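*Asks:* Dropping the sequence and predicted coords here.
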Amino acid sequence: MNWFKTKAVRANSTNNTERRIAIILITVFLFPALAFSVFELSQLNKNEEIIQEIYKDQLDAILFSINQYSNDILDQWTKVLSDFPKAEQPEDFLLEFLEFNPTISQITFFTIDTSLNTANTLTYSAVESELIVKDKLNDNFLELNDEKESTLLKLAEFIENDYQKIEVLESLSDSLLPMTFALKKPYKGYQFCAYMVNPQLFVEEILSPKIQEVARDEFIITSYCDNPDQQVYSTDSINGDEIVSNRKLWLLPNHYLGISLKGNSIDKIVKARTQQNILILLVIDGVLIVGLWLVYRNMRKEILLAQLKSEFVSNVSHEIRTPLAMISIFAETLFEGRISDESKKKSYYKMINDEADRLNRTVNKILNFSRIESGKKRFHFEPVNLQKIAESSLNEYKPQLQLNKFTYQLKTQDNFPLVHADKEAIAEVFNNLIDNAIKYSLNKKEIVLKSYTKSNYAILSVQDFGIGIPEKFQKDIFDKFYRVPNNDIHDTKGTGLGLTLVKHIVDAHKGKIVLKSTENKGSTFLLYFPISQLTL
Ligand code: ADP
């Protein structure tokens with residue numbers, strides 16, 4: 001009973017230690033690493049946003065510079081035309097100007113009197129190197145409405161303050177944008193000049209070199225009218241939906257500039273980088289988790305082993321002390337001459353002998369195990385009949401089997417092949433298996449040994465009908481010191497080394513061991529020895 005208590009306390013303390021290790025590993029390694037990953041992931045998104053912002057700003061700056069350039073051009077033209085009245089030969093001056101700037105189709109000068117009536121209209125255009133002068137425009141350009149009036153008055157006001165501003169008066173057509181500005185006094189009333197710019201030509205002829213210069217090989221810059229699919233000019237072919245940023249062309253109504261990165265867009269690059277970084281973080285976390293799991297598992301194994309070792313010491317001392325105590329009692333009784341009956345004396349001698357055997361077996365088991373552990377165990381292979389070794393092992397156990405009221409049988413096969421094996425080691429295998437079969441059979445006491453061959457294997461099986469081994473423990477029973485934690489067998493003492501030796505010996509013979517066991521129905525240990533490799 002006490003033993004159970006100790007065992008329960010030990011299991012509890014093992015669980016506590018395991019829990020403590022798990023908590024330490026999680027808090028010291030896993031938690032900081034995961035926290036760092038989460039932080040990094042959140043930063044990644046932020047970084048992405050920052051990069052996007054910088055990128056958008058850069059694109060805007062590029063578009064701004066093009067807009068600025070087009071303003072500069074219009075400013076230059078305006079400046080030249082505002083000097084027109086001072087020209088010595090005004091008509092030559094205008095002809096030259098119109099011929100030099102085909103983007104401008106005609107230039108109109110007009111005045112507005114104080115009652116806001118237009119007058120003195122003169123329109124110049126160049127046809128085949130001749131300046132054509134008309135005193136009227138053939139449309140409603142100069143029929144002033146409220147909007148035009150206020151624009152013109154504003155321009156006049158600006159020029160009075162020495163600031164020459166350009167405004168687009170209502171377009172005459174898609175190809176005629178009247179760029180209008182006020183001329184400086186000394187004219188009576190207000191005098192204005194409107195030069196008609198063809199926006200498409202303006203973009204194609206004037207802006208395109210600048211756009212190309214700015215775009216270099218890095219960007220695609222497009223100028224379009226109304227929507228991205230109506231492209232006027234583009235440095236490269238591009239779909240409307242690929243445009244990342246766009247801006248209005250300041251002086252050309254309904255005209256826009258769009259821009260995107262050549263090749264991969266920055267969005268895609270940033271996204272790919274982010275995905276790559278996330279993947280790397282996940283892989284690192286995964287490796288860390290697997291690593292920690294392995295560390296935890298190893299530590300758990302070590303703890304379990306330490307616990308099994310301490311149990312082993314207590315078991316072994318019991319295994320040694322019991323036969324020693326028996327031997328000492330029987331020997332003392334005989335020595336003091338308290339037994340006179342010869343047959344009783346004989347049975348005492350026999351018991352001393354049996355206990356000495358038991359002691360011997362335990363000590364041998366421990367010595368063999370120690371040899372295996374230190375790699376010093378040597379095998380002496382020779383052609384042997386495994387069937388015969390099994391038989392002699394069973395014979396050795398006969399007295400014990402009879403004493404414990406076991407029925408037993410050995411089913412053999414004729415012409416059983418010889419196998420290259422170590423006699424003593426194989427005998428130890430059978431001894432251990434038979435020993436276990438006796439120890440772990442409580443109700444139905446029957447043992448069957450079988451030998452047969454099957455597909456190049458010499459097979460020997462030891463079958464009992466005892467307590468069996470629950471499936472979940474079956475994978476552990478060959479581990480050193482391991483004993484199935486089952487209440488029934490705690491009464492049965494052992495070292496937890498028998499099956500470790502069996503497995504090691506079978507492995508050394510290049511064989512394999514198969515366990516078939518059902519709880520409360522019994523167990524069969526099947527030993528497979530390859531014939532082809534070992535037969536002489
Ligand atoms: P032990 O000295 O405890 O018998 P072993 O290595 O021989 O050590 O066996 C390991 C454990 O496997 C045993 O403690 C027992 O729980 C279980 N076991 C081994 N053989 C049998 C069997 N024939 N029937 C039931 N359980 C067994």
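*Replies:* Great, that's in hand. Residues are numbered from 1 along each chain as shown.
*Asks:* Helices along the stretch 101-250 of the chain, start to end?
*Replies:* 146-160, 199-201, 208-215 (DSSP state H, counting those that start in this stretch).
*Asks:* Restrict the first one to CA atoms and write it as PDB.
*Replies:* Just to be clear, that refers to helix 146-160. What follows is helix 146-160, C-alpha atoms only, in PDB (Å, rounded to 0.1, in the frame of the first residue of the first chain):
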ATOM      1  CA  ASP A 146     -21.100  86.000 -66.100                       C
ATOM      2  CA  GLU A 147     -18.400  83.400 -65.700                       C
ATOM      3  CA  LYS A 148     -16.200  84.700 -68.500                       C
ATOM      4  CA  GLU A 149     -16.700  88.300 -67.200                       C
ATOM      5  CA  SER A 150     -15.600  87.500 -63.800                       C
ATOM      6  CA  THR A 151     -12.600  85.500 -65.100                       C
ATOM      7  CA  LEU A 152     -11.500  88.400 -67.300                       C
ATOM      8  CA  LEU A 153     -12.000  90.900 -64.500                       C
ATOM      9  CA  LYS A 154      -9.900  88.800 -62.200                       C
ATOM     10  CA  LEU A 155      -7.100  88.600 -64.800                       C
ATOM     11  CA  ALA A 156      -7.300  92.400 -65.200                       C
ATOM     12  CA  GLU A 157      -7.100  92.900 -61.500                       C
ATOM     13  CA  PHE A 158      -4.000  90.600 -61.300                       C
ATOM     14  CA  ILE A 159      -2.200  92.500 -64.100                       C
ATOM     15  CA  GLU A 160      -2.900  95.700 -62.200                       C
END
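*Asks:* Just the buried positions in that helix, please.
*Replies:* 148, 151-152, 155-156, 158-159 (16 or more other C-beta atoms under 10 Å). (Each C-beta comes from the backbone N, C-alpha and C, glycine too.)
*Asks:* and those as CSV, adding distance to K480 and pLDDT?
*Replies:* Output for the buried residues of helix 146-160, formatted as CSV (distance: C-beta to C-beta, whole Å; pLDDT from 0 to 100):
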residue, distance to K480, pLDDT
K148, 103, 84
T151, 100, 90
L152, 105, 88
L155, 102, 92
A156, 106, 88
F158, 100, 90
I159, 104, 89
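*Asks:* Just name the closest of those residues to the ligand, please.
*Replies:* T151 (102.7 Å; C-beta to the nearest ligand atom).
*Asks:* ok, and the closest non-adjacent residue to the closest one?
*Replies:* Counting by C-beta to C-beta, 6 or more residues apart in numbering, T151 lies nearest to E167, which is 5.2 Å off, once chain neighbours are set aside.
*Asks:* Settle this for me: the one you found is touching L153, isn't it.
*Replies:* No: with contact defined as C-beta atoms under 8 Å, E167 does not count as touching L153 (11.0 Å).
*Asks:* Spell out which parts of this structure neighbour the ligand.
*Replies:* Residues of the chain lying near the ligand by C-beta under 6 Å from any ligand atom: 432, 436-437, 440, 464, 466-469, 477, 482-484, 489, 494-500, 523.
*Asks:* Strands - which of these land there?
*Replies:* Of the positions in the residues of the chain next to the ligand, 464, 523 sit in strands, assigned by DSSP state E.
*Asks:* Select the longest helix from this protein.
*Replies:* helix 266-335 (DSSP state H).
*Asks:* Poorly predicted segments of the stretch 251-400 of the chain, please.
*Replies:* 264-267 (pLDDT under 70).
*Asks:* repeat that with 50
*Replies:* Scanning the stretch 251-400 of the chain for pLDDT under 50 picks out no residues.
*Asks:* so what's the residue of it at minimum distance from the ligand up against?
*Replies:* Closest residue of the stretch 251-400 of the chain to the ligand, C-beta to the nearest ligand atom: N315 (7.5 Å). By C-beta atoms under 8 Å, 6 or more residues apart in numbering, N315 lies in contact with 483, 493-496.
*Asks:* Tell me which two of the buried residues of helix 146-160 sit farthest apart.
*Replies:* Greatest spatial distance among those (C-beta to C-beta): K148 and I159, at 16.6 Å.
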